[in-house]
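> Predicted model, plus sequence, below.
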Amino acid sequence: MSETFVLVGAGLTTGTAVTELREAGFTGRLVVYGAEQHLPYERPPLSKGYLLGDSELDSAFVHPPQWYDEQDVDLRLGVEVTALDHRAHTVTAGGTTEAYDRLLLATGASPRRLALADDSGAPVAYLRTIEDSNRLNDSLREGRRVAVVGGGWIGLEVASAARSHGCDVVVLETLDLPLLRVLGPEVAQVFADLHREHGVDLRTGITLSSVTHDGGRAVVRLGDGSTVEADLLVVGVGVAPNTALAEAAGLACDNGVLVDEGLHASAADVFAAGDVANAYHPLLGRDLRVEHWDNAIGQGRTVAHSMLGQAVTYDRLPYFYTDQYDLGMEYVGNVGPDGYDEVVLRGDVRKRTFTAFWLRGDRVLAGMHANDWDATEPIRGLVGQQVDVARLRDEAVPLGALAPEAGR
Ligand SMILES: Cc1cc2nc3c(=O)[nH]c(=O)nc-3n(C[C@H](O)[C@H](O)[C@H](O)COP(=O)(O)OP(=O)(O)OC[C@H]3O[C@@H](n4cnc5c(N)ncnc54)[C@H](O)[C@@H]3O)c2cc1C
């Protein structure tokens, strides 16, 4: 009898996994549950080209609708899975129960809420879905004042889009620099300068005291007693993994669904991948939850093979990218909880065409480039390697000559 694989969450991870399963020759039943009404899609355009009005959504979908018919994928969109019984090998959704042989949890992540703002009655926006992006797009009108809480990737991309729409933008960040935790002060400063040069009123080291509303506008009171008024308050203070289903089912969870290097969860025949998975990374030697596009694709592919019973491991180094104004960057690696000793910068930081390497001793923990697209592969080759630091610092030595191998 043919097997049934059930995939929960119709995001990029599941879109990639079902593709890989069919390409690998799986002929059994594929049942996909998605709480959103949409076919699996990529979210990055929602804060970039699509929000800017530069691109259509069509290209964001993993496949057009007919692909799922052709590949015999049973898509159940707008349906949330509400219970999992891993002993009985069943899930419950919309009042019906579905049995599975193998189950993928790819439930993703949701924006962390800011109760202060939610309870204020002020106009507040978050950004995760197509609907969120459409609403935001409607609000970003020339001359409007937008306050963004949180100087992370989403907050800064929204700030960039809002400036492009002619809005007056203030970004409120509690740390001393935006992106400080990910990039450290040396490179985070580049993003602070970038936004200020594009007219963003970037306020760092702030605390929020209260949010109220006045005639339909948001009034944010800061810890120093000052107030910021805005037509819209956009909250971008990170995301939390959607683990409720897994937790209620008794699966091991800690900052996500805990999975091994083959993306197996703590119960037989249950797997997790993408934003929701906290996966053991064999090269880094620790658990890591990655909230990025490349990880959704990479783990989506690997988990398909794992579900097919193949002995595979996910050991791709974390990768992410952003586009803000005229700055495009790509970052590979993960500095980790122990931090780094130094950052080696090469190129012209002032002109925002450079590479950066985060080192502990002579080991490269992470690398990135800004507007230097030829550097992507050499960076991939260097991350995780021990290098001759003097040669890395010496810009006369091409990056390609330092990298022992590219393409991880
Ligand atoms: C605006 C935006 C911009 C981004 N830009 C970048 C970028 O530039 N670079 C980058 O690397 N990454 C970016 N990301 C991150 C990237 O989009 C995510 O890493 C990726 O979407 C993760 O895919 P996923 O399938 O694991 O989870 P998700 O995309 O979160 O999809 C999970 C799906 O599961 C559904 N679901 C949850 N629970 C259930 C349930 N019980 N039953 C049924 N369905 C359920 C959810 O509704 C959701 O549709 C961005 C994210 C956002 C929001």
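Great, that's in hand. This structure is a prediction, so every number in the text was calculated from the model and none was measured.
> what does the stretch 1-150 of the chain put close to the ligand?
Residues of the stretch 1-150 of the chain that fall close to the ligand, judged by Cβ under 6 Å from any ligand atom: 8-14, 33-36, 43-44, 46-47, 80-81, 106-109, 127-128. Where C-beta positions appear, they are placed from N, C-alpha and C, glycine not excepted.
> make it 8 Å
Residues of the stretch 1-150 of the chain that fall close to the ligand, judged by Cβ under 8 Å from any ligand atom: 8-15, 33-36, 38, 40, 42-48, 51, 79-82, 93, 106-111, 127-129, 132-133.
> Could you tell me which of those residues belong to strands?
Per DSSP state E, strands hold the following members of those: 8, 33, 34, 81, 82, 93, 109, 110, 111.
> how about those in a markdown table, adding neighbour count?
Formatted as a markdown table, those follow (neighbours: other Cβ atoms under 10 Å):
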| residue | neighbour count |
| --- | --- |
| 8 | 28 |
| 33 | 24 |
| 34 | 24 |
| 81 | 22 |
| 82 | 14 |
| 93 | 19 |
| 109 | 19 |
| 110 | 15 |
| 111 | 19 |
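> Show me the two of the residues you listed that sit farthest apart.
Among these, the pair separated by the greatest distance (Cβ to Cβ) is 93 and 111, at 23.3 Å.
> Make TSV from the ones in strands among the residues of the stretch 1-150 of the chain next to the ligand and add pLDDT to it.
Listed next are those as TSV, based on pLDDT from 0 to 100:
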residue	pLDDT
8	99
33	98
34	98
81	98
82	98
93	98
109	98
110	98
111	98
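> Which single one of those is nearest to residue 271?
Nearest member of these to residue 271, counting by Cβ to Cβ, is residue 8, at 10.4 Å.
> I'd assumed residue 33 was in contact with the closest one.
Yes: with contacts counted by Cβ atoms under 8 Å, residue 8 reaches residue 33, the gap being 5.2 Å.
> Common neighbours of those two, please.
Here residue 8 and residue 33 have 81, 91 as joint contacts, going by Cβ atoms under 8 Å, 6 or more residues apart in numbering.
> and the stretch 301-408 of the chain, which residues reach the ligand?
So the stretch 301-408 of the chain meets the ligand at 319, 320, 321, 322, 323 (Cβ under 8 Å from any ligand atom).
> again, only this time at 6 Å
Remark: the part of the stretch 301-408 of the chain in contact with the ligand comprises 320, 321, 322, using Cβ under 6 Å from any ligand atom.
> Serialize the residues you listed to a markdown table and add fields for neighbour count and pLDDT.
A markdown table is the format used below for those (neighbours: other Cβ atoms under 10 Å; pLDDT from 0 to 100):
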| residue | neighbour count | pLDDT |
| --- | --- | --- |
| 320 | 18 | 95 |
| 321 | 18 | 94 |
| 322 | 20 | 93 |
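> okay, these in TSV with secondary structure and distance to residue 373 next?
Formatted as TSV, these follow (DSSP: H, G, I helix; E, B strand; the rest coil; distance: Cβ to Cβ, whole Å):
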residue	secondary structure	distance to residue 373
320	strand	15
321	strand	11
322	strand	14
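> Nearest to the ligand, out of those residues: which one, please.
residue 320 (3.7 Å; Cβ to the nearest ligand atom).
> Where does pLDDT dip in this protein?
1, 404-408 (pLDDT under 70).
> Quick one: distance of the helix or strand hosting residue 392 to the chain centre.
Per DSSP states H and E: residue 392 is located in helix 389-393. Distance of helix 389-393 from its chain centroid, counting by Cα atoms, centre = their mean, to the nearest Å, is 32 Å.
> For that helix, buried residues please.
Under the neighbour-count criterion of 16 or more other Cβ atoms under 10 Å, helix 389-393 has 389, 392 buried.
> Next up, the contacts around the nearest residue to residue 361 once chain neighbours are set aside.
Spatial nearest neighbour of residue 361, excluding adjacent residues (Cβ to Cβ, 6 or more residues apart in numbering): residue 341 at 6.6 Å. If a contact means Cβ under 8 Å, 6+ apart, then residue 341 has 359, 360, 361 as its contacts.
> for the helix or strand following the helix holding residue 392, which positions count as buried?
Per DSSP H and E, the first helix or strand lying C-terminal to helix 389-393 is helix 399-402. By 16+ other Cβ under 10 Å, the buried positions in helix 399-402 come out as 399, 402.
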